[in-house]
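1. need coordinates for the following:
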Amino acid sequence: MSILVGIPYATTDSKYWLDRTMLSIKEKLDADIAVAVDEGVSMLTGPIRFYQLWTVGHGVGKARNVLGLFALRQGYDCLIYMDSHVLVLSDNLEKICKSDLGNPKIVVVESRHFPSFLRWAEPFFYSITSPQVNYNAFTLSSFLEKQKWKWAYIYELPSRKTVMTTEPVFSVSRRVLEALVQAQEVPTLAYYWGKENFDLTVSAARLGYDMTVYPEVVVGHVYKVGSPSSWSDRFKVTECRNEPFCGLLSGSVYGNGIKWADCVYAIKHYGSYWGLPVDYHVCDLVVKHDVDSIRRSIQFNAYAKYTLDQVYERLNTYLIGAKYVFVR
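-> The predicted structure follows:
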């Protein structure tokens, strides 16, 4: 089985952790690596041969699409999506590729936050300090209470099945990628951070595919200290680079992208955004200006075998006997 690990990487992320992530992949998994990066990044260093792909403008969902289409063109059997701040802790990560969609157990790796002006000291600090891996703190995330999009941490799942995930690591088989592309031309319509993994796996569930959970396969997610802005300066970004909402919304491109992705997700899977936790003003702009996403959403719904209600019914069945706690 040929496996590609696809990593979306933004210029504001930590390059040190990207290198460390790729080293852990090479140590534990015999797979090719593709990194989709923003504009303006010089050739990444490190003793690993990999594909460097380019994505235009901000948006981790865009990078997910670039990686998915590349995996299909190159004929890979399995694509493992992986964030650029992840440590592979198991020798059998490839096991998750045995299913249409595979989800490992994600454990917490605690990372000290480095302000951008001290980023130069980060490699030195981690060269003398091992990251703290907490094997008892782990998550398998799914969204429950769909009308509120409430996130639950699931600690035990007897069925070993779910229909969606928000995790930073999961596998997608070639046939699922092909089905997603046939239905909507790209793997996900959530081009920005916040719904990109959720939309991809919910869409796969609506096309008839489920996700198998492999709790014996362990991957460490480097958790950021504090709010998302503590990891990078993306919330402060105001530069517009080929974004549909540029000039329409003020403030952070990153924050506005999250709102945009929420609206696209709501319109696609619910048919409407009324009564949902979204910015209605932004959603009105999506309907007015994002003609491409609306067209692809209509195209997807013509292909989908199941409604969102039916997907949640299946999820409720899988969650019988599960132990989980809501995140406040």
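2. give the contact list for the most centrally placed residue in the chain.
-> Taking Cα atoms, centre = their mean, the centroid of the chain lies closest to Asn197, which sits 3.8 Å from it. Under the criterion of Cβ atoms under 8 Å, 6 or more residues apart in numbering, the neighbours of Asn197 are 64, 81, 165-168, 170. Any C-beta I mention is one placed from the backbone N, CA and C, and that applies to glycine too.
3. so it, which state does it fall into?
-> Following DSSP: H, G, I helix; E, B strand; the rest coil, we place Asn197 in the helix state.
4. apart from its neighbours in sequence, what residue is nearest Tyr76?
-> Leaving aside its sequence neighbours, Tyr76 sits nearest to Leu4 (Cβ to Cβ, 6 or more residues apart in numbering; 4.3 Å).
5. which residues touch the one you found?
-> 31-34, 67, 70-71, 74, 76, 78-80.
6. distance check, the closest residue to Gly275 other than its chain neighbours against Leu29.
-> Here the nearest residue to Gly275 in space, its sequence neighbours aside, is Gln147; by Cβ to Cβ, 6+ apart that works out to 6.8 Å. In this view, Gln147 and Leu29 are 39 Å apart by Cβ to Cβ, to the nearest Å.
7. so which of these two has more stuff around it?
-> More crowded of Gln147 and Leu29, by other Cβ atoms under 10 Å: Leu29, with 19 against 10.
8. for stretch 98-114, the distance to its chain's centre please.
-> Its chain's C-alpha centre and that of stretch 98-114 lie 11 Å apart, by Cα atoms, centre = their mean, to the nearest Å.
9. got the CA positions of that stretch in CSV?
-> Presented in CSV, the C-alpha positions along stretch 98-114 are these (Å, rounded to 0.1, in the frame of the first residue of the first chain):
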residue,chain,number,x,y,z
LYS,A,98,-7.0,-0.3,6.3
SER,A,99,-10.3,1.5,6.5
ASP,A,100,-12.1,4.0,4.2
LEU,A,101,-11.4,6.6,7.0
GLY,A,102,-9.2,5.9,10.0
ASN,A,103,-8.7,7.8,13.2
PRO,A,104,-5.9,7.0,15.7
LYS,A,105,-6.0,7.9,19.4
ILE,A,106,-4.7,11.5,19.8
VAL,A,107,-2.8,12.1,23.0
VAL,A,108,-1.7,15.5,24.4
VAL,A,109,1.9,16.8,23.9
GLU,A,110,2.4,19.9,25.9
SER,A,111,4.5,22.6,24.3
ARG,A,112,5.8,25.9,25.7
HIS,A,113,4.7,28.9,23.8
PHE,A,114,7.3,31.1,22.2
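10. report all helices and strands that the helix or strand that contains Tyr324 contacts.
-> According to DSSP states H and E, Tyr324 maps onto strand 323-326. Judged by 3 or more Cβ pairs under 8 Å, 6 or more residues apart in numbering; DSSP states H and E, the packing partners of strand 323-326 are strand 150-156.
11. helix or strand right after the strand it packs on?
-> Toward the C-terminus, strand 150-156 is succeeded by strand 161-162 as the next helix or strand (DSSP H and E).
12. rewinding a little: ok, of the contacts of Asn197, which one's closest to Val181?
-> In terms of Cβ to Cβ, no member of the contacts of Asn197 lies closer to Val181 than Arg64, at 12.2 Å.
13. dump the C-alpha coordinates for the helix or strand harbouring that closest one into PDB.
-> Taking DSSP H and E as the criterion, Arg64 maps to helix 60-73. Taking Å, rounded to 0.1, in the frame of the first residue of the first chain, the C-alpha atoms of helix 60-73 are listed here in PDB:
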ATOM      1  CA  VAL A  60      -5.800  25.200   5.800                       C
ATOM      2  CA  GLY A  61      -8.800  23.800   3.900                       C
ATOM      3  CA  LYS A  62      -7.200  25.000   0.700                       C
ATOM      4  CA  ALA A  63      -4.100  23.200   1.600                       C
ATOM      5  CA  ARG A  64      -6.200  20.000   2.400                       C
ATOM      6  CA  ASN A  65      -7.500  20.200  -1.200                       C
ATOM      7  CA  VAL A  66      -4.100  20.700  -2.700                       C
ATOM      8  CA  LEU A  67      -2.800  17.600  -0.900                       C
ATOM      9  CA  GLY A  68      -5.900  15.500  -1.700                       C
ATOM     10  CA  LEU A  69      -5.800  16.200  -5.400                       C
ATOM     11  CA  PHE A  70      -2.100  15.600  -5.500                       C
ATOM     12  CA  ALA A  71      -2.500  12.200  -3.800                       C
ATOM     13  CA  LEU A  72      -5.100  11.200  -6.400                       C
ATOM     14  CA  ARG A  73      -2.900  12.400  -9.300                       C
END
